[in-house]
Structures are given as structure tokens and as C-alpha cells.
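J.: Provided below are the primary sequence and the corresponding predicted coordinates.
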Amino acid sequence: MTFLSLDEVHSLHDRLIERYGGLSGLRDEGALQSALLAAENRHWYESLDELPVLAATYAYHLVKAHAFSDGNKRVAAATAFAFVYANGGEVGASEDEIVETFLEMAAGELSRQEVEDIFRRWVRTGDSLGEV
């Protein structure tokens, strides 16, 4: 499993702010580190290798951490999807589905389990890559 580094997530955030606008900067380094480690911890301590669930863990914890001054939902989506692609998967969701899900997550309307269920529908891996 390939996990994203702190520097990679900072770089993703910088590029997203540059492209879409917003405030740059980090609000809480500890919150960012904690959110990033959530997926790795689940992998190592729960023996979890399910790519959609680990990607959902990134998404959920980054949205909830509010680690950056702005763009937390964007960087959460970018990080989760970069993780999927780095591990050979693909994401099959529309932009509207993604936006709605991340807004609901930020509003506290979705539990981590519900986010995991959504990512299980969105993320295709291995043999499922050829399926429509």
C-alpha cells in the first residue's frame, strides 16, 4: 500500500489553492498529521487492505480535521483520490456526487461508515476495473 506523505498533501493543497483560489496556509499541523495517519493506522493496526475504505478514511478525517485555513474539502478529495490512483485503483463518481458527499461530510451528515460505503461504490480496483 502506498500512503501519501505530509509533503505531498501540502503540495496538493498549494496547487488546489493556486488553481481554485482561497486562503493558503496551515491552521493545525497536528490535526493534519493525525488525519493522515488515520488511514495508515487502520492499515497496520486493523490489518485493513481495502482500498476504498482506506481512501474513505483519508477523506473523512481530512474533512473533519479542518487543518488548513481553506480548501479542506478539496484537499480531502484530492488526497483520497490520489491515494486510490497511487494504488492502482480508479474512481467512478460524477463531480456532482463528489461535491455532494464532501459537503454532507463537512456538515456532519455522514458517518465514517457511510463514507466508506460510498467509496466502496465509487472505487474500482483490480478485477473490478473492467466493470461498468
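T.: Everything's here; your move.

J.: shaky segments in this protein?
T.: The chain contains residues with pLDDT under 70 at 127-132.

J.: that one: strands as residue ranges?
T.: Along the chain, counting by DSSP state E, strands occupy 90-91, 123-124.

J.: which parts of this structure are helices?
T.: 6-20, 29-45, 51-65, 72-86, 95-106, 112-122 (DSSP state H).

J.: reformat those into TSV and put mean neighbour count next to each item.
T.: Where C-beta positions appear, they are placed from N, C-alpha and C, glycine not excepted. Compiled in TSV, the helices of the chain are given as follows (neighbours: other C-beta atoms under 10 Å):
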stretch	mean neighbour count
helix 6-20	15
helix 29-45	17
helix 51-65	25
helix 72-86	21
helix 95-106	15
helix 112-122	18
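
J.: deepest of the strands of the chain, which one?
T.: Highest mean neighbour count among those (mean count of other C-beta atoms under 10 Å): strand 123-124, with a mean of 22.

J.: who does that strand pair with, and is each partner parallel or antiparallel?
T.: strand 90-91 (antiparallel) (DSSP bridges).

J.: how far is the partner strand from where the chain is centred?
T.: Remark: strand 90-91 is offset 12 Å from the chain centroid, using C-alpha atoms, centre = their mean, to the nearest Å.

J.: need the contact partners of that strand.
T.: Around strand 90-91, the neighbours that count as contacts under C-beta atoms under 8 Å, 6 or more residues apart in numbering are 81, 84-85, 122-125, 129.

J.: pull the most distant pair out of these.
T.: Phe81 and Leu129 (15.0 Å; C-beta to C-beta).
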